[in-house]
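[1] I need the structure of the sequence given here:
(2 chains)
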There are 2 protein chains.
Amino acid sequence: MSDPLASWNDSAVKVAILDFVSAVNDPHGRNFVPPPERIAVFDNDGTLWCEQPVQVQVLFALARAQQLAKADPSLKARQPFKAFLERDMKAIHAMGRKGVFEFAFAIHAGMSVEDFGAVAKDWFATARHPVLHRPCAETAYRPQLELLAYLRTNGFKTFIVSGGGADFVRAFAEDLYGIPPEQVIGSTVKTRFDAEHGRCELMKLNELNSFNDREVKAQNIGLHIGRRPIMAVGNSDGDMAMMRYTLSGPGRRLALLLHHDDAVRETAYDREFRLSPLSEALDRAREFGFTLVSMKNDWRIVFPEAP
Amino acid sequence: MSDPLASWNDSAVKVAILDFVSAVNDPHGRNFVPPPERIAVFDNDGTLWCEQPVQVQVLFALARAQQLAKADPSLKARQPFKAFLERDMKAIHAMGRKGVFEFAFAIHAGMSVEDFGAVAKDWFATARHPVLHRPCAETAYRPQLELLAYLRTNGFKTFIVSGGGADFVRAFAEDLYGIPPEQVIGSTVKTRFDAEHGRCELMKLNELNSFNDREVKAQNIGLHIGRRPIMAVGNSDGDMAMMRYTLSGPGRRLALLLHHDDAVRETAYDREFRLSPLSEALDRAREFGFTLVSMKNDWRIVFPEAP
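    Got it, this is the predicted structure:
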């Protein structure tokens, strides 16, 4: 049988994953978990795909900002448009994760959810990563794509629990990760139900509904899934609450914390990344029972080969 | 082959259902819908099971009110406790759907989501319907159980979109309807993430998060599912928005509106039911393209036989 996690090195982490899945899957073992309860949650940016030096949703917002500035050149002088149009990453990251997403929401307000999805899908189809010089879809980590497939083969239901916009992530998660829209939890705006034009639409408002970060990730797991996951994978302090929530149920549990320590094949970063730092989760990983994944040591391959 | 909808009479409605499912399932037809897009949403109270003369969640709230009154007898004189303890259905229904659920929420505040789920499961295991004289689980409509199973056999993913509390419905939906917690959308309270006692818990607050009725049902479909359903089933004006939302997408669609017109086998009611009236949806059914289901004429059997 071929190795389902071929892009993972044969290190202790890989053994821990295989052992966990085998334990919950053994109907005669005391750690057996019935398939409907095999819920695994994954952060997206920095966990399933690359977020350095720029998150893909920031690129998407940038494209939209350029479009708007074409129609109204006065925007070029206004912040935060200016920062986005000039690709001033320092200024963008200084806005913080919430600020960036609020801007991304604001510039898409007034569209229907479906129109937004179509625009995002279109954009994504040709979007290229400016530093990795490849389609954005190919910035997904091969070891994680293998992990998702391996879990599903073993009866798991995989969810994304992202700080990114749910409607944005839904535009590509099904094709890229095999995760359908109803299994994507993310940040959201409120919508208005519009039935006035013959056709009923959900219109995106410029009003935050949920910023899916930190404790809110655990709360939204309760709201959307209604069942405590048995596995969680993250890469920043924003994932700590959902990882701790996952681990504090009964029976076997697994929480993986990806550490970006590979300056050669990707980017080495943690505490200093203002948009989404990894600091407390790293310091308290042992205390909380997180299994540290070193990109450098535990991943044999990071990205799929260029075609 | 045995009839998958054996409890439905061979009327035009049954033909419409079979025809719809066959059309979206025909890979060579122009109405084919890929399985991941075959989303069907069902209201619960009055659609999947009986809500007369009392909704099951009202019985559950009543049991909890009795428990609380035992600990604090002064509650007996206070409204709305008094109405619940005296089973004064007129007073309870006068509170309106939202008022009833707010009371149900209030008396469960301070519990963790998981403790609440365990309590609801325990209660449900022995709960009997006071008028139908059978377990509450057996107040589910046999034709609808068949319809759910038939849809799933044909690649549909079935969701509940209920005005009832999501955590309450999740306590029985998996066993009763084969619908897992993550496919249950309902009314919800806000929660607090509690990590202070060694174990992380989501604590139910006495603060409404979402009252899942009317337009909110469509909005919550956008939030939770992120994809427009192709089929919707309801029985009241509260289901109108999600049914219209479902119908106004492209391609083949089906929206069933169940009319409780069977005074012999169940209860005949519509406009006058204060908790959840059926009035505008009935008057405008043709205009909106709803397919009316007459319990009296379209259902051969309503409830499973008593064992």
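
[2] only C-alpha atoms from now on, for both contacts and neighbour counts.
    Will do.

[3] would you map the strands across the stretch 1-150 of chain A?
    A:39-42, A:128-129, A:134-135 (DSSP state E, counting those that start in this stretch).

[4] what pLDDT does the residue of the stretch 201-307 of chain A found nearest chain B get?
    Ranked by CA to the nearest CA, the top residue of the stretch 201-307 of chain A for proximity to chain B is A:Ile225, at 4.0 Å. What the model reports as pLDDT for A:Ile225 is 98.

[5] which ones are touching A:Ala255?
    A:Met231, A:Ala232, A:Val233, A:Gly234, A:Met243, A:Arg244, A:Thr246, A:Leu247, A:Gly289, A:Phe290, A:Thr291 (CA atoms under 8 Å, 6 or more residues apart in numbering or on different chains).

[6] does the last one touch A:Leu256 like I think?
    The reference is to A:Thr291. Yes. A:Thr291 lies in contact with A:Leu256 (CA atoms under 8 Å); the separation is 4.8 Å.

[7] need the helices for the stretch 51-200 of chain A, in chain order.
    Secondary structure of the stretch 51-200 of chain A by DSSP state H, counting those that start in this stretch: the helices cover A:56-71, A:81-85, A:89-94, A:96-106, A:113-126, A:142-153, A:166-177.

[8] quick one: those as a markdown table, columns for distance to B:Arg78 too.
    Output for these, formatted as a markdown table (distance: least, CA to CA, whole Å):
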| stretch | distance to B:Arg78 |
| --- | --- |
| helix A:56-71 | 53 |
| helix A:81-85 | 57 |
| helix A:89-94 | 54 |
| helix A:96-106 | 45 |
| helix A:113-126 | 45 |
| helix A:142-153 | 52 |
| helix A:166-177 | 44 |
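
[9] nearest to B:Asp19, of those?
    helix A:113-126 (27.2 Å; CA to CA).

[10] residues of the closest one that come out buried?
    A:Val113, A:Glu114, A:Phe116, A:Gly117, A:Ala120, A:Lys121, A:Trp123, A:Phe124 (16 or more other CA atoms under 10 Å in any protein chain shown).

[11] and the residue in chain A sticking out farthest from the centre, backbone torsions?
    Relative to the centre of chain A, and counting by CA atoms, centre = their mean, the farthest-placed residue is A:Gly198 at 36.0 Å. A:Gly198 adopts backbone torsions of phi 80, psi -40, taken as degrees, to the nearest 10.

[12] do you know the pLDDT at it?
    The model reports A:Gly198 with a pLDDT of 80.

[13] same check, this time on A:Pro307
    Confidence score, pLDDT, at A:Pro307: 47.

[14] ditto for A:Val161
    Reported pLDDT for A:Val161: 98.

[15] quick one: contacts for it?
    Counted by CA under 8 Å, 6+ apart, A:Val161 has contacts A:Val41, A:Phe42, A:Asp43, A:Asn44, A:Val184, A:Ile185, A:Gly186, A:Asn212, A:Lys217, A:Ile221.

[16] cool, A:Ala71 as well?
    Contacts of A:Ala71 by CA under 8 Å, 6+ apart: none found.

[17] wait, A:Ala166 sits on A:Val189?
    No. Checked against CA under 8 Å, the pair A:Ala166 and A:Val189 is beyond contact range at 9.2 Å.

[18] the two: who's more crowded?
    A:Ala166 (25 against 22; other CA atoms under 10 Å in any protein chain shown).

[19] setting the sequence-adjacent residues aside, check what's closest to that one.
    A:Gly186 (4.0 Å; CA to CA, 6 or more residues apart in numbering or on different chains).

[20] ok, the one you found to A:Trp49 distance?
    Distance from A:Gly186 to A:Trp49, counting by CA to CA, to the nearest Å: 15 Å.

[21] with neighbour numbers in mind, choose between the two.
    Remark: of A:Gly186 and A:Trp49, A:Gly186 carries more neighbours, 27 against 22, as counted by other CA under 10 Å.
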